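Sequence below, structure please.
(chains A and B)
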Amino acid sequence: MEFPYTQDRRSMLQNAGFGFGLLALQAMLSQSRLQGMQDPASQSIGKKVHHAAKAKSIIFLFMEGGPSHIDLFDPKPRLEQLAGQPLPSSFKPIITPMGEYNAPLMPSKRSWKQHGNCGAWVSDWLPHTAQHVDDLAIIRSCWGNGLNHSNGVCQMNTGSTLGGRPSLGSWVTYGLGTENESLPAFVVIEDDDGKVINGPRNWSAGFMPATYQGTALHSTGAPIKFLSAPNEIDSSRQSNKRKLIDSLNRKHQADRSIDTELDARIRSYELAYRMQSQAPEAVDLSQESHSTMQLYGIDEKETSIFGRNCLMARRLVERGVRFVQLYHGSGSRWDAHSGIEKNHSSLCRASDRPVAGLLTDLKQRGLLDSTLVIWGGEFGRTPMSEKGDGRDHNANGFTMWMAGGGVRGGQTIGSTDEIGLHAVEDRLHVHDLHATILHLIGLNHWDLVYPHQGRPERATQNEGRVCTKLFS
Amino acid sequence: MFLRLSLITHRIFLCAFSCAAFSQIGIGQVESTKFFEENVRPVLVQHCIACHGPDKSEAALRLDQPERFTQGGESGSLIDRQKPEASLLLQAVRHKGLEMPPNKKLPDEQIASIETWVRSGATWPEYVKELSVTTDQSKITQADRDYWFFQPLSDPAVANSTYSNPIDAFISLKLQSQGLSLGNNADESILVRRLYLDLIGVPPTFAQLHAYLQLPALDNQGHSRYEQLVDKLLSDARYGERWGRYWLDLVRFAESDGFKQDDFRPSAYRYRDYVIQALNEDIPYSQFIAEQIAGDEIDPSSDRMNAATGYLRHWIYEYNQRDVRSQWDNILNDITDVTGEVFLGLGFSCARCHDHKFDPLLQKDYYRLQAFFAPIEPRYDIVSESKSIDSRQVAFEAWSQCAEPIRIELEALQEETRTKVIEAAIEKFPPDVRPALRKSHNDRQPEERSIAVLAYLQIENEVKGIDYSKKLKGDSLERWKFLKKQYDELKKGMPKEPEIALTVRDSGPDAPELVIPGKPSASRIAPDAPTVLAQKHPVVFQDNRTGVFASSTGRRTALARWISDRANPLAWRVLVNRVWQHHFGRGLVANSSDFGRLGEPPTHPELLDYLAQHLIDQDGKLKSLHRLIVTSETYKQSSYPQQRAQGHAIDPENRLLWRYPTRRLDAEQIRDSILVVSGMLDGRMGGPSDTGDSNRRSIYQRAMRNSPNTFLASFDAPDGSASIGRRNTTTTSLQSLFLTNSPWMIRKSDSYAKKLISQHDSTRVRVQTMFRETLLRDPTEDEYRWVSQLVEAADGSDSLGAWADACQSLWNTSEFLYIE
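All right, here's what the predicted structure looks like:
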């Protein structure tokens, strides 16, 4: 297999008569030759990192709907003084989707404390996460361009507010391949029955081959769509069918050996078969101890769903899955236009312990160093109230945090203005976040190029800057 | 080299897209480069360096180089590092002390930009060594003008050759130069299957193949049976269903809005039907272009034109986007990008934010192209079928005799609330948009119109949602309830509302102002050809302002004529290359939507021009081009010719075509083929799309952007978000899982097995029938044994299931899933 990102590979990609499916499969085929080698990085199936990196996997905890940074991680005492007043003219006004232009400012009702050795501020809504602040880098100065959920979620996933570009997980998979060919490299888990806004478009490979798209994993029933046949079809029938297909295809391929694509097709059935045995095992939590289940809050009703998903994420990462994205509040449930107290109370309750459990578990298993954990939504919320007791969308300044995977914990990066409306210091655009995430997993966002319709496309649309504070 | 270069240049020209306004926010490190490029460089170039630059350096001052800028001039240093506010540069631009520019003060926002820049240290990005004053034409070099794609079509001579088809002459000449030659013809039954799938998208039935092979090789006019089959398939209506699909990929056709709501577009299918019909009618390409880009200017009363101009409505739409101005900009950008790629084969989108780094496309050229579309206004009041109103009119008049007085009174009662709701809804939009929303449509400026249309879609939603029973009080409420009940009752008998077309009109005879975003001081952009072509092939605008053109700018008509002009080399090469690509899996130019320098040069430039000229000579009718291609020896080659070892050694990628390339069927071909061989295909054409996976062809399955058909999506069918000139072809284990486990496959194989069992008794005949119907041949003895073993393994316990498994296995074979 050629090395990635050289001129040779690029022209090879463009010349390949059968496109990328062939490449991906050839890459997979070459794994068997690599498996005997000791260096774990070289097992990344013919692909390699651009620079040495600690993170091997990413778990992105996506709080869908936009959690309120000023009620969770970014306290704003000034809001107490300005409570009930309209936005002072010294602040640049923003477009609010619900259009309450003169809504009064609303202070947070939370009680705040500094936590850990680093003294990071976390509100009483996230007591369990607060115990991990010494492992977290809290970024208070994120910003993006998404006014609504659809374009916000789309941008946080793909860099663009408009659809059609590959998701970050696709870029990572394209860049690094998988470490376990029997499982998808990029896995997405939605919580509950909720459906994430924009649907599977969020984890699509955009203009890249579908080989790099995310695969939705389900916690109940077949973990992957069509993984197994309906129950009435027993395993001996399945195996007879598989053997017949294999025999017919091998005979057909025998005198057509110049078409390696036909060989790849045969392999795709073998891979599917291996996935059938490995995917159910990966999501089977019955092998986990009672104390582990407790750690994730699986023993309690409110936390059991997200707890299970977080635990599955750990199991997937252990098995070499490259990029796991967990949605919490699928279907914009964090979207507290009104009644933020009730809304955020229950969502924080449902997610806090599982998230903290995941951090604890990764750490005690020695996986946190090689796993980058990201927490955040598509945007934050306004300091202005909406409908009296809610907050509107705010992509001009919001908080995310990262932990593990080479991130220096125990620090707070950047700031918003004194009411939390705009990011001010160390402003990090979504493209900057993406550049930084790619850096942490060993990819340089300028060198990670996919040629498309004659254009060199990059994950960060030719923008983005790595935030070095995060890891130095 | 390529990567290095693009890395630097892209760092320099950051996209304006995510540019933030930061009034009270200081300039951070990241943004300083961007700020300089967007706010400082333009001012220096436009207003300063004519007098303080390379030509004249008045007062010994030059502002075109960072060193000279730092040195200052006769009056000393321009920047006071200690007290930035006292800097000479600021005194000058503020016209306090010095006055620069001397005659006219800079606009306030430009002065503010210079102030911000000076306060943050007046630093120049490291890479800027010199600002240069260039004209548009001087940005285009001789090498740009000489680039092959911008040259007129050559008239290549067909080489002397033993082949009668000119394609073979060109292809074999090139093969000979590499020591290769055309391979032997494919077996005729393979060729017939290839031709069916290629031209009409489905395989022949075994009976059709058999009947073909019984025909005499030549008919009494000397036409071969193969040529007759070509003619038959080209006049088969399924041809349009097959080749129309490629066009739908290009124009990112879908039947929903995209974004969160992903609302269904009930009349979008009419565009799909238009494309199928136009291809089946074999209309000239110039007409096909004109109907889609400017059909409303050809005949605004024509249903066909209103369907065709759906081309201008395939953009994604976000129903709750308050920033309507940005949404409209994005829509125009989308139309511009797609038009550039589809018709002109040029990737314009790079030039949206900066001059293209590799091709001679200036940022200005991007907006020149966009200017053709800037006047359009999406319409929501034009019916799809004009006859539907005529027939409805009589019934409607009768109905409204009773209903009208009630409606009038109801509306009078609702009026006050409604007005309040509208006023409140207007207040929810950004302040700069509101004034336009309070005007009547006729009073709106051209640039306000489409924005207002988008805003009113949201406002009307709010009006629709008013619950008057909660807003009205007292007697009015009682009266309202009384009338509403009556009206709702009457409404049940109201003749059905006619379907609304997905179309556009220009908002009037005057076009809106268009300037390059972020460069408000730059002059207004007028529609025109890209600079590199503008002198040789100018766009011809019409002076006629009567008829349709009394209310429409005529810009799009001019564009359509320019694109399809015989002297314009772009569109014809692009089109023949697309057709070639779909016949051979790869174009003569590999990047079929970007013929620029980032793509690859043509493998057979003379053949490309020959075919383009051929198409022009045939009045732009595609069927003649197909006929020429599929009757060539090049096309008829075997995929596994006798001398394949040699070909594989010299040209392993088969770029010179020493064999016919083996290709996986695309998503629609696979699904449609299974429907055909299982005998379940419902062949009805056209009309509204089906939901719930009907047995009609895949092109008639409803195409929702956020919830695509699982079958089609897993085999790389596009989702309608961007123009696709060539689909990816992937081979994934998820496809294998789908083809072996999905309920769809299981249902189809079950019903096929039922039919097979009921029609034939013996295992041998069943297996034979299955092979004939699926793979168009008899099984070998090995194959017969494998299948019969599988069936016997069931041992009567689940014989139907076993037969279903057997035929499903055949649908999973490479022999079925690939064309060779």
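
Could I get the buried residue list for stretch B:313-329?
For stretch B:313-329, the neighbour count (16 or more other Cβ atoms under 10 Å in any protein chain shown) marks B:313-328 as buried. C-beta: built from backbone N, CA, C; applies to glycine.

near chain A, from those?
B:316, B:318, B:320-323 (Cβ under 8 Å from any Cβ of the partner chain).

Next one: residue B:302 from residue B:269, what distance?
According to Cβ to Cβ, to the nearest Å, residue B:302 and residue B:269 sit 18 Å apart.

And those two? Which one has more around it.
residue B:269 (23 against 15; other Cβ atoms under 10 Å in any protein chain shown).

Could I get the full set of helices for the stretch 351-500 of chain B?
B:363-373, B:386-427, B:434-437, B:446-464, B:468-471, B:474-491 (DSSP state H, counting those that start in this stretch).

Then the stretch 151-300 of chain B?
Under DSSP H, counting those that start in this stretch, the stretch 151-300 of chain B gives helices at B:166-177, B:188-200, B:206-214, B:225-234, B:238-250, B:269-281, B:285-298.

Save these as a markdown table, and put in distance to residue A:343 and mean pLDDT too.
Converted to a markdown table, the helices of the stretch 151-300 of chain B look like this (distance: least, Cβ to Cβ, whole Å; pLDDT from 0 to 100):
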| stretch | distance to residue A:343 | mean pLDDT |
| --- | --- | --- |
| helix B:166-177 | 67 | 96 |
| helix B:188-200 | 54 | 98 |
| helix B:206-214 | 63 | 96 |
| helix B:225-234 | 61 | 98 |
| helix B:238-250 | 42 | 98 |
| helix B:269-281 | 40 | 98 |
| helix B:285-298 | 47 | 97 |
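
Nearest to residue A:160, out of these?
For the helices of the stretch 151-300 of chain B, the distance to residue A:160 is smallest for helix B:238-250, at 20.5 Å, taking Cβ to Cβ.

Does the closest one reach chain A?
No - against chain A, helix B:238-250 shows no contacts by Cβ under 8 Å from any Cβ, the least distance being 11.5 Å.

and what of stretch B:761-774?
No - Stretch B:761-774 does not reach chain A (Cβ under 8 Å from any Cβ); its nearest approach is 10.1 Å.

What is the burial count for residue A:204?
Residue A:204: 26 neighbours (other Cβ under 10 Å).

Go ahead and confirm it touches residue A:157.
No - at 9.1 Å, residue A:204 and residue A:157 do not qualify as touching, with contact defined as Cβ atoms under 8 Å.

which residues do those two both contact?
residue A:167 (Cβ atoms under 8 Å, 6 or more residues apart in numbering or on different chains).

For whatever residue of the stretch 301-450 of chain A ends up closest to chain B, give me phi and psi.
Residue nearest to chain B within the stretch 301-450 of chain A: residue A:446 (5.0 Å; Cβ to the nearest Cβ). When quoted as degrees, to the nearest 10, the phi and psi of residue A:446 stand at phi -80, psi -30.

hmm, back to that, could you work out the most separated pair of the buried residues of stretch B:313-329?
Across those (Cβ to Cβ), the longest gap, 23.2 Å, separates B:314 and B:322.
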